[in-house]
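**Q** Next input, structure requested:
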Amino acid sequence: MTAAVPFIILGVELAAMGIGAVCQILKPDTVEQNKEIHYYLSNETDPTIPANNFRLVIVNQKKSWNKAVRVYNKGTNDYFEVKCGDSTGKVAKCNENIKFDAVNVPFDGVHEVHLCAMRPGTLGVWSTIIDTKIPLGDMKKYAGKTVYYFFDNDADRYFATDRNRMTYNNLV
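**A** Predicted structure coming up:
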């Protein structure tokens, strides 16, 4: 029983740093957040998103460090990512101080998708803030919808305000 204590303490420390934080399924139109990110699954479907795909959108302030969301398929180290911030991303049409990036995420033939929200850390090494797992059984709930990740700048809570969280159509 006492041998488990170090693992529990380590788990608490990792959770406090945002490592290993998992949200199995995002509730439609419910904004989840930690001190740096506001993220949610939009309940609106978009006919321009291909079948068996969802759209992933990352939004950041132009003055902020680059942030990324990496998309991993279960059982592989292969990933692709969306990234935006001071030196990358597209300028939003609704606000020139906002940058974004977007990609359609296919889920044909995969067993699980991991969305790893990341930020640069010490010496430029990227670290995971939130790891969202989408199991095969939940993927149909995402079909044709959009998952948003809004990154605050140094915890300024800019995206905590509803009006500052833009939709994809406002960004492009």
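**Q** just the strands in the protein please.
**A** For the chain, applying DSSP state E gives strands covering 32-33, 37-41, 53-61, 67-73, 79-84, 90-91, 98-106, 112-120, 126-135, 146-151.
**Q** nearest spatial neighbour of Thr132, skipping sequence neighbours?
**A** Among residues not flanking Thr132 along the chain, Leu115 sits closest, at 4.3 Å (C-beta to C-beta, 6 or more residues apart in numbering). All C-beta atoms are positioned from the backbone trio N, CA, C, and that covers glycine.
**Q** number of nearby residues for the one you found?
**A** Residues near Leu115, counting by other C-beta atoms under 10 Å, number 23.
**Q** Distance of it relative to Thr122?
**A** 23 Å (C-beta to C-beta, to the nearest Å).
**Q** Then Asn66?
**A** For Asn66, the distance to Thr122 - C-beta to C-beta - is 15 Å.
**Q** do Thr88 as well
**A** For Thr88, the distance to Thr122 (C-beta to C-beta) stands at 20 Å.
**Q** Likewise for Ile37?
**A** The gap separating Ile37 from Thr122 is 19 Å, by C-beta to C-beta.
**Q** which one of these two has more residues nearby?
**A** In this view Ile37 and Thr122 are compared by other C-beta under 10 Å, and Ile37 has more residues nearby, 22 against 6.
**Q** I figured that one hits Phe151, correct?
**A** Yes. With contact defined as C-beta atoms under 8 Å, Ile37 reaches Phe151; the gap is 5.6 Å.
**Q** Which neighbours do those two have in common?
**A** Residues touching both Ile37 and Phe151 (C-beta atoms under 8 Å, 6 or more residues apart in numbering): Ala117.
**Q** returning to that earlier point: what bridges to the residue nearest to Thr132?
**A** In this entry, Leu115 is beta-bridged to Val71, Thr132, by DSSP bridges.
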